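[1] Here's a sequence, model it:
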Amino acid sequence: MENRECQNCHNKFALEPNDFSFYDKMNVPEPTWCPDCRMKRRMLWRNERVLYQRKCDLCHTTTFSMYQQNSVFPVYCRACWFSDKWDPLSYGMTYDSDRPFLAQWHELYNNVPQIALVQYGTNIGCDFTNYIKDSKKVCLAYSIVSSENISYSSNVENSFGIQDCANAVNCTNCFSCVNINHCFKCRYLFQCRECIESDFLFGSVNCTSCFMSANIRDKKFVWRGEQLTKAEYESRLSSVNFFDNNIILQLKGEYENLIKSVPRKFADVFKNLNCTGDTLSNSKNAKNTYYSYNVENMKNVIRSFDTKDCEDVYSSGASNQLLYDGVVAGHSSYNIKFFSYAHNTTDSEYINWCQGSSNCFGSVGLRNKSYCILNSQYEKEDFEKLRNQIQQDMVINPYVDSRGLVYKYGEFFPQEFSPFAYNE
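    Reported below is the predicted structural model:
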């Protein structure tokens with residue numbers, strides 16, 4: 001283990017032996033920012049919930065976007081962005097070795113159209129949502145995957161009929177719940193899984209028809225911690241008017257006091273091996289990882305599933321492997337680094353919104369392209385030679401931001417490049 005000083009906050013941080021092995025595998029230098037600062041820097045490139053009404057800069061129809069109307073770059077609606085009405089290669093630039101590469105990348109980024117909302121796959125009735133994939137009838141909900149009838153929620157996968165919930169996986173008809181898994185027809189649950197027709201439960205598993213209880217397992221007809229018969233439970237439940245707001249407020253107050261009064265597990269984790277973090281399940285060798293499941297060999301990761309061999313990533317979908325220092329990987333990407341929005345892309349770095357592409361460096365908005373640098377296409381040999389030259393030039397002639405921070409090869413995009421850094 002070796003200690004470093006963060007270039008940004010100047011606090012000490014440690015690099016472990018496994019970190020060095022990963023950096024060697026990814027062929028990148030050691031980071032100069034601490035994990036927390038690196039995560040904050042990445043999160044500046046993700047705007048989930050602030051949406052603006054604006055015009056599409058191509059078809060001029062009114063749409064909703066995560067970018068303001070006065071954005072420097074053009075913004076296209078989803079139909080226009082995925083159409084053949086424009087060509088990302090037409091914005092190609094020739095690399096100038098006398099100028100910092102990241103400055104040139106920023107110029108390219110400010111010219112290439114950006115998609116209004118992050119929506120993958122086929123989505124129906126999802127105009128008022130962002131970060132969504134293969135879903136139907138979703139309204140003001142964010143980070144939703146393969147779900148239907150979702151509203152006012154976030155981080156939902158493979159679920160139906162979810163409202164006012166956060167972090168729901170494989171659930172149906174649930175309301176006002178947080179961190180639930182395989183639950184059906186439940187209300188006001190927190191850190192529960194495999195529960196059915198229950199209300200106001202905390203830290204409970206495999207419970208059916210239970211009310212206002214905590215830390216119970218494999219139970220039925222439990223009312224405020226008391227075991228009842230089915231008839232007794234149904235009689236008491238029928239006396240609660242869930243449509244009276246004053247009653248609900250009283251029950252919420254009781255529920256809050258219940259949660260404060262009972263012992264709780266150190267973290268919401270289960271079926272893990274050699275892991276640290278929270279809201280983590282079915283995972284192995286995941287360190288400092290949160291809101292994730294079915295992951296392996298991960299570190300400093302938030303919001304990921306069905307992914308392996310990654311470090312310093314915010315949001316990764318299924319079948320991704322070997323990701324480093326990036327934000328939002330859709331799925332099926334391999335060996336990508338320093339990215340903001342990538343999907344089904346391999347062997348690429350310093351990319352933004354590239355899909356179905358491979359061997360791209362410092363490119364924006366590419367679809368099904370290979371061997372591109374600054375959106376200019378090359379033969380394989382020329383690409384590899386120029387890419388190696390740029391990597392060396394980034395060390396010799398790095399980008400220096402307005403704060404005097406140095407961005408050599410191996411650093412994510414500068415904070416001041418983010419289009420969301422100064423959102424109102």
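
[2] C-alpha only now, for contacts and for neighbours.
    Noted.

[3] wait, is R41 part of a helix?
    Yes - counting by DSSP: H, G, I helix; E, B strand; the rest coil, R41 is found in a helix.

[4] how near is the residue lying closest to it once chain neighbours are set aside to L44?
    In space, R41 comes closest to Q415 once its chain neighbours are excluded; the distance is 5.9 Å by C-alpha to C-alpha, 6 or more residues apart in numbering. Look at Q415 and L44: by C-alpha to C-alpha, to the nearest Å, they are 7 Å apart.

[5] one step back: and the residue nearest to R41, what does it touch?
    Q415 is in contact with R41, L44, A421, counting by C-alpha atoms under 8 Å, 6 or more residues apart in numbering.

[6] follow-up on the earlier one: quick check: neighbours shared by Q415 and L44?
    Common contacts of Q415 and L44 (C-alpha under 8 Å, 6+ apart): A421.

[7] what are the phi and psi values for the residue nearest to R41?
    phi -60, psi -40 (degrees, to the nearest 10).

[8] Over to R236?
    Note on R236: its backbone torsions stand at phi -70, psi -40 [degrees, to the nearest 10].

[9] Tell me the pLDDT of it.
    Among the per-residue scores, R236 holds a pLDDT of 97.

[10] same check, this time on K369
    K369 carries a pLDDT value of 97.

[11] And N423, by the same measure?
    Looking at N423, the pLDDT reads 49.

[12] which secondary structure elements does the helix-or-strand element of the chain with minimal mean pLDDT contact?
    Least confident helix or strand of the chain, by mean pLDDT, DSSP states H and E, is strand 119-120 with a mean of 88. Counting contacts by 3 or more C-alpha pairs under 8 Å, 6 or more residues apart in numbering; DSSP states H and E, strand 119-120 packs against strand 128-133.

[13] Quickly run through the sheet partners of the strand it packs on, with directions.
    Strand 128-133 has the following sheet partners, assigned by DSSP bridges: strand 119-120 (parallel), strand 136-145 (parallel).

[14] Looking at those strands, which is nearest to S363?
    Using C-alpha to C-alpha as the measure, strand 119-120 is the one of the strands paired with strand 128-133 that comes nearest S363, at 19.7 Å.

[15] mind checking how far that closest one is from the chain centre?
    Between the centre of strand 119-120 and the centre of its host chain there is 13 Å, according to C-alpha atoms, centre = their mean, to the nearest Å.

[16] returning to what we had before: can you give me the distance of the residue nearest to R41 to L405?
    10 Å.

[17] Checking H60 next. Helix, strand or coil?
    Using three-state DSSP, the structure places H60 in coil.

[18] likewise L251?
    helix.

[19] re earlier: tell me the one among the contacts of Q415 nearest to L273.
    R41 (29.3 Å).

[20] hang on, the earlier thing: now list the buried members of the contacts of Q415.
    Applying 16 or more other C-alpha atoms under 10 Å to those, the neighbour count classes R41, L44 as buried.

[21] Quick one: the contacts of Q415 as a markdown table, columns for distance to F221 too.
    Below are the contacts of Q415 laid out as a markdown table (distance: C-alpha to C-alpha, whole Å):
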| residue | distance to F221 |
| --- | --- |
| R41 | 48 |
| L44 | 47 |
| A421 | 50 |
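
[22] Now P35. Nearest residue, chain neighbours left out?
    The nearest residue in space to P35 (C-alpha to C-alpha, 6+ apart) is N300, at 6.9 Å.

[23] Can you verify my assumption that that neighbour contacts D312?
    Yes - with contact defined as C-alpha atoms under 8 Å, N300 counts as touching D312 (4.8 Å).

[24] No further queries at this time; thank you.
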